[in-house]
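Chemist: Pasting the sequence and the predicted coordinates here, then a few questions.
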Amino acid sequence: MHPTLRARRRALSALAALLVMAATGSASAQQVAQQGARADSARFHLLTLDPGHFHASLVQKFMYPGVDSVVHVYSAGGDDLDQHLARIKSFNTREDQPTHWVEKIHTSPDYLERMIADRAGNVVVIAGNNARKTEYIVRSIDAGLNVLADKPMVRTPADLVKLRQAFKTAAQKHVLLYDIMTERNEVTTALQRALSMQPALFGTLVKGTTENPAITPTSQPMASGPIRSKGAPKRISIDLWLHLSLDALWVLNGVVFIVLLFVTGQWLRIVPTSWDVFPNAVSTAIQYLSLNWPTENGWVSYNALQLLSYFVVVFIAAPLAILTGIRMSPAWSVRWKRASAVYPIELARALHYPTMLFFVLFVIVHVTLVLATGAIRNLNHMYAANDGDSWLGFWFFVGSIVLTAAAWVLARPLFLRPVAGLTGKLSR
């Protein structure tokens, strides 16, 4: 090999090693990071292609000598890009060893072709879109660009053939194709690997057959649905499918409740009509805290604190949970760029979690007070639709607890798969 080419490959290998050390947070990488990077003397110019995984941002966890601080990002846009840029921003604004990356964003439907045509850098970072990962690698190598990619580089046997050819092409073009997965370099992983080589401790591997394989996959099944859209169905985990399905039932229940609330005129029981409700609510709260229970009969009317609580749950917390949940769900299209800019996913996350905590706190306090302030009568109000002292409401309550516990036990892939299969296609 020509001395110049050999030196170039050594430099690229050193860059890859620095990126690996940075992502693992090693002390040597942090020391190198402190030296910074000057764009005017940079030998390496990073390109980030379609970032869809945090591995892409970890490459920029620190600054590196010889690496340009300007990074060109090519993407179709959407939440993945927004989250990538947010992570880079967090590196730039942290107190301890802040970075100073400058992201140049290029969004277009043909972002791959545009990256190759622009040639704004010489090292491509590929982490995210596994379906096109091999294509990205092959096109970048064919264009004479160095590639730093995360796993998996291939998904199918056909991809493996293409990847092998990409490595040959990289050698011919004297560019680097490097796997930047870093966990294998972490000390605990190295120890696990060493221990697994000890037969007395780990045992020996069994050679399986087609009929009796030595390794059986236990990954969670994937489902598409229950959300329907004009485009291709979203591929989601069975856990997310369960979450979205229960959300849909919850929303349907809420719609029915709201309709009945206004049709029957019962909305007057939970909507404040006077400012007096606020001082009265404070007085009621003091009564509860002193364990001197209010004397109002909930069958006839709610006290001020109950009225405000139910109003917040029905007309504020519930709609907020729905609106933030929709923004975070797979149903939100990446094509809605203007809506995404007005309503960023970070805002939805910041509101969704506290709303969930509010519901948890409300349920705990509400159930506790139902049981502590006349359980039999209160449960009849809620379950039996009467103001009597029978045990009917209590047994309905017990039955609902048993059903909830049973549903919790059955909420696992073995039982969920047949149900999920009714709403979409399942795959491993």
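Modeler: On my side now, so go ahead. Here the structure is a predicted model, which means the values were calculated and not measured.
Chemist: Quick one: residues contacting Ser390.
Modeler: By Cβ atoms under 8 Å, 6 or more residues apart in numbering, the contact set of Ser390 is 376, 380, 384. No exception for glycine: its C-beta is placed from N, CA and C like everyone else's.
Chemist: Can you classify it by secondary structure?
Modeler: coil (DSSP: H, G, I helix; E, B strand; the rest coil).
Chemist: can you pull the pLDDT of it?
Modeler: If you check Ser390, the pLDDT there is 92.
Chemist: please renumber so the chain begins at 20
Modeler: Yep, numbering from 20; the last one is Ser409 now.
Chemist: Straight-line length of stretch 310-323, end to end?
Modeler: The straight-line separation of the ends of stretch 310-323 (Cα to Cα, to the nearest Å) is 17 Å.
Chemist: Ignoring the adjacent residues along the chain, who's closest to Glu365?
Modeler: With Cβ to Cβ, 6 or more residues apart in numbering as the criterion, Glu365 has its nearest non-adjacent residue at 6.5 Å, and that residue is Ala105.
Chemist: Neighbours of that neighbour, how many?
Modeler: For Ala105, the neighbour count with other Cβ atoms under 10 Å is 13.
Chemist: Got the domain ranges for the protein?
Modeler: For the chain, automatic domain parsing gives the domain ranges 22-204, 254-446.
Chemist: Next, format those as CSV and append distance to Asn231.
Modeler: Supplementary listing: the domains of the chain in CSV, determined by distance: least, Cβ to Cβ, whole Å:
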stretch, distance to Asn231
domain 22-204, 23
domain 254-446, 21
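Chemist: returning to what we had before: so which of the contacts of Ser409 is the most crowded?
Modeler: Asn399 (23 neighbours).
Chemist: That one - that's part of a helix, no?
Modeler: Yes - looking at Asn399 with three-state DSSP, it is inside a helix.
Chemist: Skip the chain neighbours and tell me the closest residue to it.
Modeler: Counting by Cβ to Cβ, 6+ apart, Asn399 lies nearest to Gly412, which is 3.7 Å off, once chain neighbours are set aside.
Chemist: For burial, what's the neighbour tally of the one you found?
Modeler: When neighbours are counted by other Cβ under 10 Å, Gly412 registers 22.
Chemist: Likewise for the one 10 residues further on?
Modeler: Residue crowding around Leu422 was assessed by other Cβ under 10 Å; the count is 10.
Chemist: ok, back up a step: for the residue nearest to Glu365, report the pLDDT, please.
Modeler: At Ala105, the pLDDT value in this model is 93.
Chemist: Then Thr314?
Modeler: Thr314 is assigned 74 on the pLDDT scale.
Chemist: Can you classify it by secondary structure?
Modeler: Per three-state DSSP, Thr314 ends up coil.
Chemist: Give me the distance between it and Arg436.
Modeler: In this view, Thr314 and Arg436 are 52 Å apart by Cβ to Cβ, to the nearest Å.
Chemist: Compare the two (neighbour count), which wins?
Modeler: Each of Thr314 and Arg436 has its neighbours counted (other Cβ under 10 Å); Arg436 has more, 15 against 7.
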